[in-house]
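Visitor: Just need the structure, nothing else, for what follows:
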Amino acid sequence: MTHYAEAKLQEEKVFKDPVHRYVHVRDQAIWDLVGTREFQRLRRIRQLGTTFLVFHGAEHSRFNHSLGVYEIIRRIVDDIFVGRPEWDESERLLVLCAALLHDLGHGPFSHAFENVFELDHEYYTRQILLGDTEVNAVLRKVSPDFPEKVSQVIEKTYPNKLVVSLISSQIDADRMDYLQRDAYFTGVSYGHFDMERILRVMRPRENQVVIKSTGMHAVEDYIMSRYQMYLQVYFHPVSRSAEVVLNNILKRAKQLNLEGYKFKHEPTHFKAFFKNEITLEDYLSLDESILFTYFQFWMKEDDAILSDLSRRFVNRKLFQYIDLDPIVELDRYQKLQALFRQAGLNPEYYLVHDTTADLPYDFYRPGEENVRVPIFLEMKNGELHELSTESIIVDSISGKMKRDHKIYFPMDFLEDTSTHLDVKKKICKLLQGN
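Guide: Predicted coordinates for the structure are as follows:
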């Protein structure tokens, strides 16, 4: 009888995929994991949160993406690394499972939801892997310590750093999938790069994946596509506006509950989150369809702020924005806050500062902590050179933090001349920088 870890399906299963053409599954354990309720839940959580309100094609889910990361890893370990002395074949199923399950703990509209309720999706990934779940039951069939090993790979604490680097580094399967997938579904051209070439020049080393120097230009293309995707898609100001509104809906509902407000429709699914007494079952029962249902209820609430914000999100009546950094222009920001109060708008919900920052490529600086492992090129003589020392393009953007500050506000309210006309005129002048 074949041990479960080596068990194969009688016939290979394939998922048709718009990015990788096909996702291939031969391992019984992978097929069983895909069928668990915790993994199927990822179908109901969008990969790009509120971005579908800007790029209408961006309806793809974390389920799509997780399968894509798995498929990239499968190609690496079954085609590129197989037979190489630095690669330990016994780690194959472990890295495939970690790739498939790496996003398991994401909640609905991940970042806004996590911010308001002070949650950490990585914590919940671990709870799903190690708790009383269908996923855990499948993993334990491999071996009793297998769930813990998968968790360690995802948490980046697993002893074999080569395995970790496949899932989490500056050129990992996670990034390679989401850049291409997000570009495909948003319809932009920035996220495209020659992944086939990158995979062909990947080599296993003792602690990480390295790239043959002949593949440097394909890696440059990948770094630049990531840089463009962050500027043009992930940090798109209108998507951020939607996230600001969403954030404030949840914040308002939480505040009203704290004040003892009687909701017309009891927010049953949120009770545990309001009290911060969240069981794993509470967490798994929430998805984006549930949130949208509550937003429909909350549009009819007596609380004017909750009702207005919910209506804005559901009907895409979002906030406008200007560039303004409250630290640099504190006086202007405080004047705006005071004027908003005079106009009858609570600035906590209607004048919102939002900032973004990203490093397109982080090079190695000795002594610094929390720096992602840089990309190393394997030269013809076998030496390893850090990418930015060989690439002029990568060197020009290495370590450069792109930070952006915006203030979001409801322009339609300011344009309504039926109330507080003088105050609104002052607000508009200040917003214009006068």
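Visitor: All the helices of the stretch 151-300 of the chain, residue numbers only.
Guide: 161-167, 173-186, 195-200, 216-229, 237-258, 271-275, 280-284, 288-298 (DSSP state H, counting those that start in this stretch).
Visitor: How about stretch 377-386, which residues are buried there?
Guide: Neighbour-count burial for stretch 377-386 flags 377-378, 385-386 (criterion: 16 or more other CB atoms under 10 Å). In short, each C-beta sits where N, CA and C put it, glycine included.
Visitor: That one: end-to-end distance?
Guide: With CA to CA, to the nearest Å as the measure, stretch 377-386 spans 6 Å from end to end.
Visitor: how about low-confidence regions in this structure?
Guide: Within the chain, the ranges that satisfy pLDDT under 70 run 1-2, 362-372, 434.
Visitor: Do you have the helices of the stretch 301-434 of the chain handy? List them.
Guide: 304-315, 330-342, 347-350, 387-390, 392-397, 411-415, 421-431.
Visitor: JSON lines please, covering those and showing distance to Phe193.
Guide: Below are these laid out as JSON lines (distance: least, CB to CB, whole Å):
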{"stretch": "helix 304-315", "distance to Phe193": "34"}
{"stretch": "helix 330-342", "distance to Phe193": "40"}
{"stretch": "helix 347-350", "distance to Phe193": "40"}
{"stretch": "helix 387-390", "distance to Phe193": "14"}
{"stretch": "helix 392-397", "distance to Phe193": "13"}
{"stretch": "helix 411-415", "distance to Phe193": "38"}
{"stretch": "helix 421-431", "distance to Phe193": "39"}
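Visitor: and the helix or strand in which Asn64 is found with helix 173-186, angle?
Guide: Asn64 is part of helix 62-75 when elements are defined by DSSP states H and E. On the basis of axes from the mean of the first three to the mean of the last three CA atoms, to 10 degrees, helix 62-75 is oriented at 130 degrees to helix 173-186.
Visitor: Enumerate residues external to helix 62-75 that contact any of its residues.
Guide: 15, 17, 19-20, 22-24, 30, 34, 39-40, 42-43, 45-47, 95-96, 99-104, 106, 166-167, 173-174, 176-178, 180-181, 195, 199 (CB atoms under 8 Å, 6 or more residues apart in numbering).
Visitor: Past it, which element shows up next along the chain?
Guide: Next element after helix 62-75 (DSSP H and E): helix 92-101.
Visitor: Contacts for the helix or strand that that next one is followed by, please.
Guide: Scanning forward in sequence from helix 92-101 by DSSP H and E, the next helix or strand is helix 110-117. Contact partners of helix 110-117, identified using CB under 8 Å, 6+ apart, comprise 45, 49-50, 107, 119-121, 243, 246-247, 250-251, 254, 273, 276, 278, 291.
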